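>>> the amino acid sequence is not available; the structure is as follows:
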């Protein structure tokens, strides 16, 4: 069963999210499975959410969610109750719906943002590289990536190419007379930096500079044909728009050289800009909290088609997982019989070319024969009637899917069956 423990911009303020995000960068997904109650984990941290996705046994109780929250709270040096009151826990199909929606950008500050899919993918790759995922998590996250691509292709969200950077600059545009005459500084060379460069150039900005404390400014500047800065205060002095997208340091009041009018956009979590900067004369600070407030406007509501695509994909995937033990048992039965026949054929010393042709034809026939029952199993599972299919296997072939399933764990909303709520506060 998939379990999601989520703290996001919908449930917590950005100061708390910042502390949690900073702690998560030093916390590996492996810490979430050390007690052995979860089989695998992926830890996702973005600019507006921190979420743990766990592969747990069907019927698992809420103590696993509590243990996860304690681990995260301890890493962030936060009281457990503080995090507990701001967390949402989802299980089974609800968690799957949420993962697909998050990856598709439907739960982001700027609905439909493209960066989130990459952030989720990198979190999954990190967990997989650390060998703390499971086949079930692998399949779920790979399918989430596919759904995200489908949503972008099929809906207006993809056509708009919306991103958090684009939305933030759209808000800042009300303060800009002519983008073509605007001098912009990018602080940081992280994930948002390249998107920021592309968006600014689309707006017509040509006077672009980059500063990085990590020493990557020169390389980044050469790659994107812009100017590298080596003194932050001097770089800010020359800029009218400053966009920060790093998690390695904070812009302070000491980095603001004068009272010239400038807009500073802080896309970092934890914060890249000291809030005191926003109180300086001439400075307008736009942080994630302000951006999120504007993003809640009705005109930015998510595309209904995207929601429908995500919901259908999650339901179909959940049905596949529920039907998986029965489908695998049927395929094993058929292919075991096929292998037995092929072994018998080989014992007759038939010519190699003839044996190969017969084997290929029989395998093709077996695959074609299994196609319709496989689809029917998934349809029955989607309708909550997979037991009918399993009963048919038992009656016709004497197959017991439960006995043959081995390590396969069906992903189903068992939290409802066991009396635990699928959604709600931890």
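That came in fine, so what should we check first? Note that this is a predicted model, so its numbers are computed, not measured.

>>> pLDDT score assigned to the closest residue to residue 287 other than its chain neighbours?
Spatially, and ignoring its direct neighbours in sequence, residue 287 is nearest to residue 266 (4.3 Å; C-beta to C-beta, 6 or more residues apart in numbering). Glycine gets a C-beta too; all of them are placed from N, C-alpha and C. Per-residue pLDDT puts residue 266 at 92.

>>> list the contacts for residue 266?
Neighbouring residues of residue 266 by C-beta atoms under 8 Å, 6 or more residues apart in numbering: 244, 251, 272, 273, 285, 286, 287, 288.

>>> of all pairs in the residues you listed, which one is the farthest apart?
251 and 288 (14.5 Å; C-beta to C-beta).

>>> rewinding a little: for residue 64, state which of the contacts of residue 266 is nearest.
Nearest member of the contacts of residue 266 to residue 64, counting by C-beta to C-beta, is residue 288, at 29.8 Å.

>>> ok, the closest one - contacts?
Going by C-beta under 8 Å, 6+ apart, residue 288 touches 9, 14, 47, 48, 109, 266, 267, 268, 269.

>>> which ones among those map onto strands?
Among the contacts of residue 288, the residues falling in strands (DSSP state E) are residue 266.

>>> could you flag which of the contacts of residue 288 are buried?
9, 14, 47, 48, 109, 266, 267, 268, 269 (16 or more other C-beta atoms under 10 Å).

>>> out of those residues, which sit inside helices?
Using DSSP state H, the members of those that fall in helices are residue 14.

>>> any chance of CSV for the buried ones among the contacts of residue 288, columns distance to residue 369?
As requested, those are arranged in CSV below (distance: C-beta to C-beta, whole Å):
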residue, distance to residue 369
9, 50
14, 56
47, 50
48, 49
109, 50
266, 60
267, 54
268, 56
269, 53
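
>>> closest one of the buried ones among the contacts of residue 288 to residue 122?
Closest to residue 122, out of all of these and judged by C-beta to C-beta, is residue 47, at 13.3 Å.

>>> spatially nearest residue to that closest one (excluding sequence neighbours)?
Using C-beta to C-beta, 6+ apart, the closest residue to residue 47 is residue 269 (4.4 Å).

>>> thought the one you found was touching residue 16?
No - counting by C-beta atoms under 8 Å, residue 16 is not a contact partner of residue 269; they are 10.6 Å apart.

>>> middle-most residue in this structure, spatially?
With distances taken as C-alpha atoms, centre = their mean, the residue of the chain nearest its centroid is residue 120 (3.2 Å).

>>> quick check, that one in contact with residue 144.
Yes - using C-beta under 8 Å, residue 120 is in contact with residue 144, at 6.8 Å.

>>> find the residues that touch each one of the two.
102, 103.

>>> need the contact list for the residue nearest to residue 47.
Residue 269 neighbours (C-beta under 8 Å, 6+ apart): 14, 17, 18, 21, 46, 47, 48, 247, 288.

>>> from those residues, which is closest to residue 304?
residue 48 (22.1 Å).

>>> disregarding residues adjacent in the polypeptide, which is nearest to the closest one?
Closest to residue 48 by C-beta to C-beta, 6+ apart is residue 9, at 4.2 Å.

>>> same check on residue 291?
Distance criterion C-beta to C-beta, 6+ apart; nearest residue to residue 291, sequence neighbours excluded, is residue 168 at 5.4 Å.

>>> where does the stretch 101-250 of the chain dip in pLDDT?
Scanning the stretch 101-250 of the chain for pLDDT under 70 picks out 156-162, 191, 248.

>>> do a quick rundown of the strands in it.
Per DSSP state E, counting those that start in this stretch, the stretch 101-250 of the chain carries strands over the ranges 183-187, 207-211, 227-229, 241-244.

>>> reformat these as a markdown table; add mean neighbour count.
Compiled in a markdown table, the strands of the stretch 101-250 of the chain are given as follows (neighbours: other C-beta atoms under 10 Å):
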| stretch | mean neighbour count |
| --- | --- |
| strand 183-187 | 27 |
| strand 207-211 | 23 |
| strand 227-229 | 17 |
| strand 241-244 | 26 |
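
>>> quick one: those strands as TSV, columns for distance to residue 335 too.
Below are these laid out as TSV (distance: least, C-beta to C-beta, whole Å):
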stretch	distance to residue 335
strand 183-187	56
strand 207-211	57
strand 227-229	60
strand 241-244	57
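
>>> of all those, which one is nearest residue 66?
Nearest of the strands of the stretch 101-250 of the chain to residue 66, taken as C-beta to C-beta: strand 241-244 at 35.5 Å.

>>> note down every partner strand of that closest one and its orientation.
strand 183-187 (parallel), strand 262-266 (parallel) (DSSP bridges).

>>> how about the next helix or strand after the last one: buried residues?
Per DSSP states H and E, strand 262-266 leads on to strand 283-286 as the next helix or strand towards the C-terminus. The neighbour-count criterion (16+ other C-beta under 10 Å) identifies 283, 285, 286 as the buried residues of strand 283-286.
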